[in-house]
Structure formats: structure tokens, C-alpha cells
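[1] With the input below, show me the fold.
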Amino acid sequence: MPVRLRMAMHGRRHNRIFHLVAINQRTRRDAKPMELLGIYDPALKLGDTHKTVKWSVDRIKYWLGVGALPSKSVVKLLECGGVLPPDSKYHPKVMGPKIGTETTKDSASSSTSSSGTPSATP
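    Numbering: from 1, shown residues only. The predicted model follows:
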């Protein structure tokens, strides 16, 4: 069962909070998670100067240690919080492009002839 660390959205419109959860990657966004790892409240309350993040660093490191893959937004949040280093192996630039998004010249050139026009073979 592949496990992901991702955000689950809760709260009313224009007043959202996000739960950082460990969840099976094949389930829907707001499904029941295996474990709640943290809460991120991006809204600033009156008098606050910082956004609120509450999380269990030990449990996040445990899930990363057993092979859970964090989503891009979770990687950004963990890097800002100092849980992951900026050049971690989970960073999107280090992981490389997704499979199937690359285009090769061989597939594009196989449908055209040497003159650059599509060939019609009888």
C-alpha cells in the first residue's frame, strides 16, 4: 500500500485549514487518514504576524523513513519549517520529470519522411 504525506482540506470557504496526513495514495483528498501528522492554518488572526503550523516532527520523520512520499506542497512546507533540508531527495527538482512527460525526437520524426512532409505509403 503506497503511502503519501499530503494535505487534507477542512473548514469553510475562505477560512480553510489543512491537515498534514499520512494516507494511502489511492484514496480521495479528504478520506480518513492513517494518521494526522499536523495542522496548517494559513489565515492570519488579528494581531498575529505568522501563519500557524503545528506538527509532530518525530512522526513525520518516521513516515519518511518507512518510504512515504510527500507531495510537492508538503515538501515546500517541511523545507520552510526546517524538517527537511532545501536540497532533500524529495525536492521536485531533484526527483526529475514524471515518467511519460518527456517527448523524444524519434517518435516525432518517424511519421515524417526525409523531405519533412508526411509520407503516404500504399
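[2] center of the protein, which residue is that?
    For the chain, the residue sitting closest to the mean C-alpha position, by C-alpha atoms, centre = their mean, is Ser71 at 1.7 Å.
[3] which parts of stretch 17-28 are buried?
    Judged by neighbour count using 16 or more other C-beta atoms under 10 Å, the buried positions of stretch 17-28 are 17-23. All C-beta spots, glycine's among them, are computed from the backbone N, C-alpha and C.
[4] Just list the residues touching the residue lying closest to Lys51 once chain neighbours are set aside, thanks.
    Once flanking residues are discounted, Lys51 sits nearest to Pro42: 5.3 Å by C-beta to C-beta, 6 or more residues apart in numbering. Listed by C-beta atoms under 8 Å, 6 or more residues apart in numbering, the contact set of Pro42 reads 16-18, 51.
[5] Ramachandran angles for Pro42?
    When read as degrees, to the nearest 10, the backbone of Pro42 gives phi -80, psi -10.
[6] begin at 5 from here
    Taking 5 as the first residue, the last one we looked at is Pro46.
[7] any idea of the pLDDT on it?
    We note a pLDDT of 90 for Pro46 in this prediction.
[8] What of Tyr66?
    At Tyr66, the model reports a pLDDT of 96.
[9] How much space separates Pro90 from Glu83?
    Using C-beta to C-beta, to the nearest Å, Pro90 is found at 5 Å from Glu83.
[10] Next: Val70.
    Val70 sits 20 Å away from Glu83, going by C-beta to C-beta.
[11] Comparing these two, which residue is more hemmed in?
    Per other C-beta atoms under 10 Å, whichever of Val70 and Glu83 has more neighbours is Glu83, with 16 against 9.
[12] count of residues packed around Lys36?
    11.
[13] And Ser92, by the same measure?
    Neighbours around Ser92, by other C-beta under 10 Å: 15.
[14] In this structure it contacts Val79, no?
    Yes - using C-beta atoms under 8 Å, Ser92 makes contact with Val79 at a distance of 7.3 Å.
[15] Do a quick rundown of the strands in the chain.
    Per DSSP state E, the chain carries strands over the ranges 7-16, 19-28, 39-45, 56-59, 73-74.
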